[in-house]
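Asks: Here is a sequence with its predicted model. Questions after.
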Amino acid sequence: MSSSLTALIQGLLAASSLLVGAVLGIGWQPGRSFTAAVMAFGSGTLISAIAFDITLPVFQSSGFWPLVVGFALGGTLFTVLVNYIDNQGGFIRHPSSSRRFLYHHRQEEASEVLDRIEHIEVLHSLSPSEMQAIIPLLKPLSVEPGTVLCREGAPGNAMFLIVEGDAEIYKDSKLMAELGAGEMFGEMALLTGEDRSATVIAKTPMDLYELGKGDFDTMITHSPQMASGLSRILARRLRETTQSTARFKPADDDHWRQRVLDSVEVDIPLSEHQFQELAQSSAPLAILVGTLIDNIPEALVIGFNAGVGHAGSSFLLAVFISNIPEAMSSSLGMKQAGTSSRRILGLWGGAVLLSGLMALLGSLMVGFTTPWVVDVAQATAGGAILAMVASTMMPEAYEMGGGSVTFSTIAGFLISFWVASPAFR
């Protein structure tokens, strides 16, 4: 059998587990401990395969520098491409990339809101974690001049934070004061439970944030600092005959803002609702392409090994096992995004075929290029695989299985080494 045909068959065989993982993701969602054990075992086998099926042969053939060049290039290419694919909607194929996307999304949302409300005095009495809890509750609102925001005698159902613009306060049709950017109103009725004590009308076009009564009550219950801050503002208003329009600008605004952004939590499990939201933001094609980026380096190594006559059985085992949790997680994400089961299986079938063709390409490269170029290419693939193991498989396995994944990883490494060891005897 020719090396090219061998590479094609081995590439198809190793990638066929993508279909196995896809079927599991569509019809059965295994427990976290089982998934963690498989992922950890696959990580161990891949680490062993990288060491004995890539690093050692390249070092024996061309020395250390092709390894340096190839691993650095492979790690860089993998990181750049995966980041791009994640930004296009492929993030949901891994729980870790989903959480990373959610973390950055939360930070961007918080930064946008803070840009608009950081000059509001009472908010600086809150801790960063309390600010993070409040930000999602604020609803942006834009009004035209003459809009009645609060009406005297009406029930109080919301309070308002002024971002831009000015408003006038009337009591018994008499102008009492003006409000400007950085100030708030409507909180007194929410605090006391009484009807509105005055009418507030927009004097200019205004941008505000609205906080409903239900969210306000929850916020006050969990944030004594907010209650005390509101009390100080109310006491000040009682002392003033005219509302001050001075803008509040504490000296440590930047420091406070950064502490709020740093308080965004990333190490939290995704709820079902959050997962549904992420799925709607994802793109099935991006998920598939991202997974192919994970698998193409593996397929090329299979082709390189076949091209030089190296069996690479331990590497085939490593790739086969590691593909299962990868495809399982990605298929679940596709399903949540609304992709039909038939289309999911069709896409993975195409991925298996493409992996076989990439293995064939790897074997052909051996016959048309110099050994040094092949070694650098193999090292590049090895760097990409190692980057994938370090950035996705190992962190996710530990998160799902805890310390128990240690033994699965060791078992995977030793079994892969045992399979490869006859080549070194």
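Replies: Cool, the structure landed.
Asks: any idea how far the longest helix seen in the chain is from the chain center?
Replies: Using DSSP state H, we find that the single longest helix of the chain is helix 341-368. Chain-centre distance of helix 341-368: 28 Å, with Cα atoms, centre = their mean, to the nearest Å.
Asks: cool, and stretch 325-338?
Replies: That offset, for stretch 325-338, works out to 15 Å (Cα atoms, centre = their mean).
Asks: ditto for stretch 385-400
Replies: Distance, centroid of stretch 385-400 to centroid of chain: 14 Å (Cα atoms, centre = their mean).
Asks: buried set for that stretch?
Replies: 385-389, 391-400 (16 or more other Cβ atoms under 10 Å). Backbone N, C-alpha and C define where each C-beta goes, glycine included.
Asks: from the residues you listed, which ones fall inside helices?
Replies: Ile385, Leu386, Ala387, Met388, Met394, Pro395, Glu396, Ala397, Tyr398, Glu399, Met400.
Asks: show me what contacts the first one?
Replies: If I follow you right, that is Ile385. By Cβ atoms under 8 Å, 6 or more residues apart in numbering, Ile385 lies in contact with Leu46, Ile50, Ile54, Gly74, Pro297, Glu298, Val301.
Asks: As JSON lines, those residues with pLDDT would be great.
Replies: What follows is the contacts of Ile385, written out as JSON lines (pLDDT from 0 to 100):
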{"residue": "Leu46", "pLDDT": "88"}
{"residue": "Ile50", "pLDDT": "89"}
{"residue": "Ile54", "pLDDT": "87"}
{"residue": "Gly74", "pLDDT": "90"}
{"residue": "Pro297", "pLDDT": "85"}
{"residue": "Glu298", "pLDDT": "83"}
{"residue": "Val301", "pLDDT": "85"}
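Asks: farthest-separated two in those?
Replies: Maximum pairwise distance among these (Cβ to Cβ): 13.5 Å, between Leu46 and Gly74.
Asks: in the stretch 1-150 of the chain, what spans have low per-residue confidence?
Replies: 1, 29, 88-103, 105-106, 121-130, 132-133 (pLDDT under 70).
Asks: ok so, going back, may I see the ChimeraX selection of the buried members of the contacts of Ile385?
Replies: Entered in ChimeraX, the line below selects the buried ones among the contacts of Ile385, by 16+ other Cβ under 10 Å:
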select :46,50,54,74,297,298,301
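Asks: With distance to Ile134 and secondary structure added, can I get the contacts of Ile385 in CSV?
Replies: Shown next, in CSV, are the contacts of Ile385 (distance: Cβ to Cβ, whole Å; DSSP: H, G, I helix; E, B strand; the rest coil):
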residue, distance to Ile134, secondary structure
Leu46, 44, helix
Ile50, 47, helix
Ile54, 51, helix
Gly74, 44, helix
Pro297, 45, helix
Glu298, 46, helix
Val301, 51, helix
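Asks: quick one on the thing from earlier: which one among the buried residues of stretch 385-400 gets closest to Ser17?
Replies: Using Cβ to Cβ, the buried residues of stretch 385-400 come closest to Ser17 at Met393, 14.1 Å.
Asks: Model confidence at that closest one, what's the number?
Replies: In this model, Met393 is scored at 82, pLDDT.
Asks: okay but it is in contact with Phe41, surely?
Replies: No - using Cβ atoms under 8 Å, Met393 makes no contact with Phe41, being 10.1 Å away.
Asks: Now for Ser79: which residues touch it?
Replies: Rather than Ser, residue 79 is Thr. Ala387, Ser391.
Asks: Confirm it sits in a strand?
Replies: No - counting by DSSP: H, G, I helix; E, B strand; the rest coil, one finds Thr79 to be helix, located in no strand.
Asks: could you pull out the helices for the stretch 51-200 of the chain?
Replies: For the stretch 51-200 of the chain, the helices defined by DSSP state H, counting those that start in this stretch occupy 56-62, 65-87, 95-117, 128-134, 187-192.
Asks: and the nearest residue to Leu345 once chain neighbours are set aside, how far is that from Ser340?
Replies: Computed as Cβ to Cβ, 6 or more residues apart in numbering, the closest residue to Leu345 that is not its neighbour in sequence is Ala22, at 5.9 Å. Using Cβ to Cβ, to the nearest Å, Ala22 is found at 12 Å from Ser340.
Asks: again, but for Ile117
Replies: Ile117 is 44 Å from Ser340, by Cβ to Cβ.
Asks: Between these two, which is the more surrounded one?
Replies: Counted by other Cβ atoms under 10 Å, Ile117 and Ser340 do not tie: Ile117 has more neighbours, with 20 against 12.
Asks: With only the CA atoms kept, save the helix or strand hosting Val374 in PDB.
Replies: Assigned by DSSP states H and E, Val374 belongs to helix 371-388. Provided in PDB are the C-alpha atoms of helix 371-388 (Å, rounded to 0.1, in the frame of the first residue of the first chain):
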ATOM      1  CA  PRO A 371      13.500  16.900   5.100                       C
ATOM      2  CA  TRP A 372      14.300  20.100   6.900                       C
ATOM      3  CA  VAL A 373      11.100  21.800   5.600                       C
ATOM      4  CA  VAL A 374       9.100  18.700   6.500                       C
ATOM      5  CA  ASP A 375      10.500  18.700  10.000                       C
ATOM      6  CA  VAL A 376       9.700  22.400  10.500                       C
ATOM      7  CA  ALA A 377       6.100  21.800   9.200                       C
ATOM      8  CA  GLN A 378       5.800  18.800  11.600                       C
ATOM      9  CA  ALA A 379       7.000  20.900  14.500                       C
ATOM     10  CA  THR A 380       4.600  23.700  13.500                       C
ATOM     11  CA  ALA A 381       1.700  21.200  13.700                       C
ATOM     12  CA  GLY A 382       3.100  19.900  17.000                       C
ATOM     13  CA  GLY A 383       3.100  23.500  18.400                       C
ATOM     14  CA  ALA A 384      -0.500  24.000  17.300                       C
ATOM     15  CA  ILE A 385      -1.600  20.800  18.900                       C
ATOM     16  CA  LEU A 386       0.200  21.600  22.100                       C
ATOM     17  CA  ALA A 387      -1.400  25.100  22.100                       C
ATOM     18  CA  MET A 388      -4.800  23.400  21.700                       C
END
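Asks: tally of neighbours for the residue nearest to Ala167 when sequence neighbours are not counted?
Replies: Using Cβ to Cβ, 6+ apart and skipping the chain neighbours, the partner closest in space to Ala167 is Leu179 (4.6 Å). Close neighbours of Leu179, defined as other Cβ under 10 Å, add up to 23.
Asks: Touching, Leu179 and Gly165? I think so.
Replies: No - using Cβ under 8 Å, Leu179 is not in contact with Gly165; the gap is 9.1 Å.
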